[in-house]
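K.L.:
Here is my input, please return the structure:
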Amino acid sequence: MKTKTDIQIELLQEIEEICLKNNLNYVLAGENGLNAYLNHTIKNGPIDVSVAMTQGDIDRFCEIIEKEYKNNRYVEGIFNSPKYNPFYVSYGNKNTTYFNVVNIDNRIHHGIQVRIYPIRKAMDLNGNKIEGWTPKLKKERKLRQKLNKRIESNKFWREKLAQKVLNIPYSLTGGGKRYYNEVKKNIFIDKWEDIQKYSKVRIINKEITTESLKEIQKYEVDNIKLSLPKSADTYFSEIFGKNFKEKKIKFKKDGVRVIIDTKTSYKDIIEESNDLILEAKALEEEITEEASKYNRERKTTKDLWHLVNMTDDQVKFIEYSKDKTDTLLKYNLEDEEELDIVYSKLKPIISSLRKYSKVGMTYSINPDIDTLIENVLLKKNKKLLKKIQKIKKQEYYVE
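P.N.:
As a prediction, this is how the structure comes out:
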């Protein structure tokens, strides 16, 4: 019987054949791409299998699949599935199943699939950074994620997702296609040769010099020929570091909550298992709620413990600074040497403030010392000062 990886290898071979026939280009990406390069296999590696194409080639590839292969294959992304969250496109087999019974996501399709990541602009030839997400688009993306999370935390909508997983309502959150297209305008690369118009591109979350993608060659992987950069050493060193050849490729097993079937369509599996899905979801909700309750109680206890220790520090440093305040205030903070003297004398208090700022707490010594610490941090550690000032407006600030 075929395994999930066998199906993914078949999908990779199909990508290779379709790209070759239609003058499209791709390279293997991610940790399984490294596995393919070092070990000539994607077996016994990570769960996900990924390739990277220019956005133009992704669009052309998707058009071919939806036109010529739609009976047995699918492509899914924001362009045809508005609640689809990742920025990559899924290419999958409709006659297989890869379905998480508990963590039902917003996808329409749940077959065994390969991810196709866009190769995005990162830096122009002059070394200027190219930003895809404008402030407005970042705000919109954040809002969409918040609204989707709110829906998925509501029991009614979770049940709707389970019962109608192939027909997910989207009216409350609005489509993602518009902002997706706006982002594409900023980072879109059409054809493979256009990559060389930039000094760096981004694949997944890594910036890569375009020189390493100038030429592609075929490598044998699991007895098929697949594409990798000719400068594969440079390519993978930029992604995984200069010691990438020593990186251990860890085998990751799919969780017990995932239904995997290499012969049965996910539509049939979901239809037959609907009652079990709802039951599993209800049980997961119960477990999640108990875990959340425990975590809330644990956090409250930890916060109380931090508060007790912080108050103890506060009392200690109030006493410590009583006979030092007048002397410390005489120093000229514009003088580098005198600033260093003050900083060294205040260092125990500053270290304590830094420690408690990490857990969202801070405290006051007295108005003169507080102001002095702020002035010192303004010159020595603006980041810590900003953090303390932010905390002062919140809950854990002890006068």
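
K.L.:
Helix or strand with the lowest mean pLDDT in the protein?
P.N.:
The least trusted helix or strand in the chain, going by mean pLDDT, DSSP states H and E, turns out to be helix 155-163, with a mean of 49.

K.L.:
so after the helix or strand hosting L304, what's the next helix or strand?
P.N.:
Using DSSP states H and E, L304 sits in helix 274-321. Once helix 274-321 ends, the next helix or strand along the chain (criterion: DSSP H and E) is helix 325-329.

K.L.:
in that following helix, what's buried?
P.N.:
L328 (16 or more other CB atoms under 10 Å). Every residue, glycine included, has its C-beta placed from N, CA and C.

K.L.:
Give me the mean pLDDT for it.
P.N.:
Averaging pLDDT along helix 325-329 yields 89.

K.L.:
Could you give me the buried positions within the helix or strand following that helix?
P.N.:
Using DSSP H and E, the helix or strand that follows helix 325-329 in sequence is helix 336-357. For helix 336-357, the neighbour count (16+ other CB under 10 Å) marks 339, 342-343, 345-346, 349-350, 352-353, 356-357 as buried.

K.L.:
so which pair among the residues you listed is furthest apart in space?
P.N.:
Of all pairs drawn from those, the greatest distance, 23.8 Å, lies between L339 and Y356 (CB to CB).

K.L.:
Take the buried residues of helix 336-357 and lay them out in a markdown table including pLDDT and distance to I260.
P.N.:
As requested, the buried residues of helix 336-357 are arranged in a markdown table below (pLDDT from 0 to 100; distance: CB to CB, whole Å):
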| residue | pLDDT | distance to I260 |
| --- | --- | --- |
| L339 | 91 | 63 |
| V342 | 89 | 64 |
| Y343 | 91 | 59 |
| K345 | 90 | 64 |
| L346 | 91 | 60 |
| I349 | 92 | 57 |
| I350 | 92 | 54 |
| S352 | 92 | 52 |
| L353 | 92 | 51 |
| Y356 | 90 | 47 |
| S357 | 90 | 46 |
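
K.L.:
just the residues you listed now: which is nearest K218?
P.N.:
Nearest member of the buried residues of helix 336-357 to K218, counting by CB to CB, is S357, at 53.7 Å.

K.L.:
Excluding chain neighbours, what is closest to the closest one?
P.N.:
Among residues not flanking S357 along the chain, K387 sits closest, at 4.9 Å (CB to CB, 6 or more residues apart in numbering).

K.L.:
immediately after whatever helix or strand Y235 lives in, which helix or strand?
P.N.:
Using DSSP H and E, Y235 maps to helix 232-240. Heading C-terminal from helix 232-240, the first helix or strand you meet, by DSSP H and E, is strand 258-261.

K.L.:
Any chance you could list what contacts that following strand?
P.N.:
4, 96-101, 112, 254, 269, 273 (CB atoms under 8 Å, 6 or more residues apart in numbering).

K.L.:
now those: which count as buried?
P.N.:
4, 96-99, 101, 112, 269, 273.

K.L.:
Format those residues as CSV; extra columns: pLDDT and secondary structure.
P.N.:
Converted to CSV, the buried ones among the contacts of strand 258-261 look like this (pLDDT from 0 to 100; DSSP: H, G, I helix; E, B strand; the rest coil):
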residue, pLDDT, secondary structure
K4, 94, helix
T96, 96, coil
T97, 94, strand
Y98, 93, strand
F99, 85, strand
V101, 73, coil
I112, 96, coil
I269, 81, helix
S273, 68, coil
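
K.L.:
Need these in CSV (columns: distance to I259).
P.N.:
Listed next are the buried ones among the contacts of strand 258-261 as CSV, based on distance: CB to CB, whole Å:
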residue, distance to I259
K4, 11
T96, 10
T97, 6
Y98, 8
F99, 5
V101, 6
I112, 11
I269, 6
S273, 7
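
K.L.:
rewinding a little: okay if I get the contacts of strand 258-261 as CSV plus distance to G241?
P.N.:
Supplementary listing: those in CSV, determined by distance: CB to CB, whole Å:
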residue, distance to G241
K4, 29
T96, 35
T97, 36
Y98, 31
F99, 35
N100, 32
V101, 37
I112, 31
D254, 27
I269, 40
S273, 43
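
K.L.:
from the residues you listed, which is closest to Y363?
P.N.:
N100 (45.4 Å).

K.L.:
Just give the number of residues close to the nearest residue to that closest one once chain neighbours are set aside.
P.N.:
Counting by CB to CB, 6+ apart, N100 lies nearest to V258, which is 5.2 Å off, once chain neighbours are set aside. Neighbours of V258 under the rule other CB atoms under 10 Å: 17.

K.L.:
And V258, how far from G77?
P.N.:
22 Å (CB to CB, to the nearest Å).

K.L.:
and what of N23?
P.N.:
On the measure of CB to CB, N23 and G77 end up 22 Å apart.

K.L.:
Would you mind telling me which of those two has the busier surroundings?
P.N.:
Neighbour count, other CB under 10 Å: between N23 and G77, G77 has more, with 21 against 10.

K.L.:
The nearest residue to that one once chain neighbours are set aside bridge partners, please.
P.N.:
Closest residue to G77 apart from its sequence neighbours, by CB to CB, 6+ apart: V89 at 4.0 Å. On the basis of DSSP bridges, V89 is bridged to I116.

K.L.:
just checking, V89 touches H109?
P.N.:
No: V89 is beyond contact range of H109, at 11.2 Å (criterion: CB atoms under 8 Å).

K.L.:
Those two: which has the busier surroundings?
P.N.:
More neighbours surround V89 than the other of V89 and H109, with 26 against 21 (other CB under 10 Å).

K.L.:
which residues does the more buried one contact?
P.N.:
58, 62, 75-77, 115-116.

K.L.:
Go again with 10 Å.
P.N.:
Shown in contact with V89 (CB atoms under 10 Å, 6 or more residues apart in numbering): 53, 55, 58-59, 61-62, 65, 75-81, 113-118.
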